[in-house]
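Peer 1: what follows is a predicted structure for the sequence shown.
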Amino acid sequence: MASFQTTAIFSSSFSSSPGKVNASIHVPNPPRVTYPVPKVPTRKLQIEEFNGSPVDSTPLEKNGITTHIYEGLFSPGKKSNKATTVQLYSILEAVADRIEMHRNIGEQRNNWNTLLLNSINMITLTATAMAGVAAATSGDTEPLLAMKLSSTLLFSAATGMSLIMNKIQPSQLAEEQRNATRLFKQLHSQIQTIIALGNPTEEDVKGSMEKVLALDRAYPLPLLGAMLDKFPAKYKPAVWWPSSHQFQRRSKTQESNNGWSEDLEMEMREVIEVVKNKDLEDYDRLGNIALKLNKTLAIAGPLLSGIAAVGSSFVGNGSWAALVPLMAGSLASAVNAFEHGGQIGMVFEMYRNCGGFFTLLEQTIQATLEEKNLDNRENGQVFEMKVAMKLGRSVSELRRLASKSASCRMEGIAVDEFSSKLF
């Protein structure tokens, strides 16, 4: 405590020769006023721990106290969560980079399809016109020889370019990159959801990496050595998920059955039956048709332009000799326009992707139903809603479809409705 005291005394004295006068004025002391002053901090600090027990320490022990106070924040579990979150963010950056790469390369390959198609058709039509002019030229052999040679060279160039274009199928390559971009965006959103829900695990990191690598294998960027076979022996759905795919089991509730019931399991089994018997079979049929058509056109285009190149060298030897390059060149232009302008390769890749979508949906439902422990499954109501949204239906429409499928199976007839309303 501190005290404050003020005292003032005024004194005055004067004297004269005849007499001496002394005067004094005394001012009374003012009342004592006290102001509170904070205590000066001592050398010891008293800090309360999170568990409530006090700790006395000196400033020299500050680092030890800080570590002791925040011990819970630096526990092994917290470190693990922090490390996995950092790893997921690193994977997220890699996924974002792949999205940009596939988008850019997809635009480039789409331009390839347009430019190569226009170039091949212009070359073919120019060669056909020159063959016709050569056939109409008579008498002078020098212009005839020039026309024949130019036409043969142009037809040969068109044949070589057509072979390369039919081998790589730029429209199919562009569709692969579009699908890869969409699937990487989907994976990007899934990783963001895991981070937002909190408490990521090592399984989340491992599963995310496996999905990225599986997508890289399903939709490769390079052309040489890693390009997918554009003309397989048989149609097969695309596979872009890892073989050891861990299906999502993060949304759970406190319900005893985790949102599952026997009716819901039966509903999911009926949905699988409709997917297998209607959607997958239909895309298998359409995929094989598109594959056969694409093979036929890929062979016919270069073959016709090659015949036109050979036939153009015999122009001038008769009226029938001029007919071959004209007919073959015109048909080659039409075939190339239909194959690449109609993007038959893109259609085939679209069917592969749709087949892969239904295959993944079937495997997801089966893997979920095979899990006997209901707590390890994803919440039943959430799972039902996800399946309905993937098929472009409401929950009530999905239940109606399952009921209709069960009735048709009991009657021994095929259901006349596809599971998906999206495609």
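Peer 2: Done, it's in. Residues are numbered from 1 along each chain as shown.

Peer 1: E93 - how many residues pack around it?
Peer 2: E93: 10 surrounding residues under other CB atoms under 10 Å. Heads up, the C-betas are built off the backbone N, CA and C, glycines and all.

Peer 1: same thing with M266?
Peer 2: The local packing of M266 (other CB under 10 Å) involves 13 other residues.

Peer 1: what's the answer for N317, then?
Peer 2: N317, neighbours per other CB under 10 Å, totals 10.

Peer 1: all further residue positions should be reported with the first residue as 33.
Peer 2: New numbering, starting at 33: the last item is N349.

Peer 1: quick check: it is in a helix.
Peer 2: No: secondary structure of N349 (DSSP: H, G, I helix; E, B strand; the rest coil): coil, not part of a helix.

Peer 1: in this structure, where's the longest helix?
Peer 2: helix 108-168 (DSSP state H).

Peer 1: so what's the closest residue to A258 other than its chain neighbours up against?
Peer 2: Among residues not flanking A258 along the chain, P252 sits closest, at 4.0 Å (CB to CB, 6 or more residues apart in numbering). If you count contacts by CB atoms under 8 Å, 6 or more residues apart in numbering, P252 has them with A258, M259, L260.

Peer 1: hmm, which of those are the buried ones?
Peer 2: With burial judged by 16 or more other CB atoms under 10 Å, the buried subset of these is L260.

Peer 1: give me the lowest-pLDDT entry from the contacts of P252.
Peer 2: Ranked by pLDDT, the contacts of P252 bottom out at A258, which has 85.

Peer 1: how about the secondary structure of the nearest residue to L423 once chain neighbours are set aside?
Peer 2: Nearest residue to L423 in three dimensions, chain neighbours excluded: S452, at 4.8 Å (CB to CB, 6+ apart). Under three-state DSSP, S452 falls in the coil class.

Peer 1: so S452 sits right up against L312, yeah?
Peer 2: No: using CB atoms under 8 Å, S452 makes no contact with L312, being 10.7 Å away.

Peer 1: and N411, how close does it get to R431?
Peer 2: For N411, the distance to R431 (CB to CB, to the nearest Å) stands at 17 Å.

Peer 1: quick one: low-confidence parts of the chain?
Peer 2: Residue ranges of the chain with pLDDT under 70: 33-112, 170-172, 276-288, 350-351.

Peer 1: again, only this time at 80
Peer 2: Judged by pLDDT under 80, the chain has its weakly predicted residues at 33-113, 168-175, 276-288, 348-354, 455.

Peer 1: which ones are touching L149?
Peer 2: Per CB under 8 Å, 6+ apart, neighbours of L149: M197, N368, A369, H372, G373.

Peer 1: just the buried residues of these.
Peer 2: Buried subset of the contacts of L149 (neighbour count, 16+ other CB under 10 Å): M197, N368, A369, H372.

Peer 1: if you look at those, which of them are in helices?
Peer 2: Within the buried ones among the contacts of L149, residues falling in helices by DSSP H are M197, N368.

Peer 1: widest-spaced pair of the buried ones among the contacts of L149?
Peer 2: The distance between the two most remote of those (CB to CB) is 12.3 Å, for M197 and A369.

Peer 1: re earlier: output the contacts of P252 in CSV, with secondary structure appended to each entry.
Peer 2: Formatted as CSV, these follow (three-state DSSP):
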residue, secondary structure
A258, coil
M259, coil
L260, coil
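
Peer 1: ok, how many other residues are close to I321?
Peer 2: Using other CB under 10 Å, the number of residues around I321 comes to 14.

Peer 1: for K310, see how far away it is.
Peer 2: Shown here: I321 relative to K310, a distance of 17 Å by CB to CB.

Peer 1: with I155 instead?
Peer 2: For I155, the distance to K310 equals 45 Å [CB to CB].
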